[in-house]
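Participant: missing the sequence, but the structure's below:
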């Protein structure tokens, strides 16, 4: 295990003073459940680290984007941030770091392919980030985010108004995290000749959220409709401005 962790630390670009932080970050709750009750600890798995890492990631990414792009409006910054902190992107980060091979899983999770599960790997990235923060402080954590999560992404695409984001995937993740119904997509109408059709797609989450969009393909219209519903959800999640005091 020590040699394995040494190799992982080399890829992470950070050497832990207290290796227990890294060990805990790699321990899934399914593995912790297999520890005898007499030996269990409330800090046996990585769930609390995931919680902390999520907050650190959001803060550091937001800070980096604002510093790198002071002229960007809030909407463009939000799109960049939404992608960089998304489970789909963190899954790619985890795969690049080879985290799956180092995870400590329970037997059931191991047998069900846990080392390749998107959500599990994305959460592991957040847990490792929190472990770096607790072991070394904010600067090593910021360096981890710059090196592995942000990289040159916003430099390469930040100036591009057509930033490619999978809004359907982002909407699915938002719905799951908020306990909402699974998004549905309906073809409202098709217009135009066969060689130049236009499609109107409605994205809907239960009776709470719905939006329509038109595009030259079902995929494009669906993505735009998903984006509009996602924006509705995000708008509701924004904290209300405090009323001015007298």
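Facilitator: Yep, that arrived. Note that the coordinates shown come from a computational prediction; the quantities given were computed from them, not determined experimentally.

Participant: Please count neighbours and contacts with C-alpha atoms only from this point.
Facilitator: Fine.

Participant: Which positions within stretch 181-188 qualify as buried?
Facilitator: Along stretch 181-188, the positions that meet the burial threshold by neighbour count (16 or more other C-alpha atoms under 10 Å) are 183, 185.

Participant: just stretch 219-228 next, same as before
Facilitator: The neighbour-count check on stretch 219-228 (16+ other C-alpha under 10 Å) flags 220-228 as buried.

Participant: measure residue 233 to residue 226 for me?
Facilitator: Taking C-alpha to C-alpha, to the nearest Å as the measure, residue 233 falls 11 Å from residue 226.

Participant: wait, I meant residue 149
Facilitator: Taking C-alpha to C-alpha, one finds residue 149 at 24 Å from residue 226.

Participant: quick one: residue 94 is in a helix?
Facilitator: Yes: with DSSP: H, G, I helix; E, B strand; the rest coil as the criterion, residue 94 is part of a helix.

Participant: how does the protein divide up, domain by domain?
Facilitator: 2-157, 167-237 (automatic domain parsing).

Participant: Run a quick neighbour tally on residue 103.
Facilitator: Per other C-alpha atoms under 10 Å, the neighbour tally for residue 103 reads 21.

Participant: was I right about it contacting residue 116?
Facilitator: No: using C-alpha atoms under 8 Å as the test, residue 103 is too far from residue 116 to be in contact (10.4 Å).

Participant: out of the buried residues of stretch 219-228, who's nearest residue 82?
Facilitator: Nearest to residue 82 out of these is residue 227 (C-alpha to C-alpha; 11.4 Å).

Participant: tell me which element that closest one falls in.
Facilitator: In this structure, residue 227 sits in helix 218-237 according to DSSP states H and E.

Participant: Where in the protein is the helix or strand with the lowest mean pLDDT?
Facilitator: Taking mean pLDDT, DSSP states H and E as the measure, the helices and strands of the chain show their lowest mean at helix 153-157, namely a mean of 52.

Participant: After it, which helix or strand is next? Please name it.
Facilitator: Scanning forward in sequence from helix 153-157, with DSSP H and E defining helices and strands, the next element found is helix 167-177.

Participant: What helices and strands are in contact with that next one?
Facilitator: Counting by 3 or more C-alpha pairs under 8 Å, 6 or more residues apart in numbering; DSSP states H and E, the packing neighbours recorded for helix 167-177 are helix 218-237.
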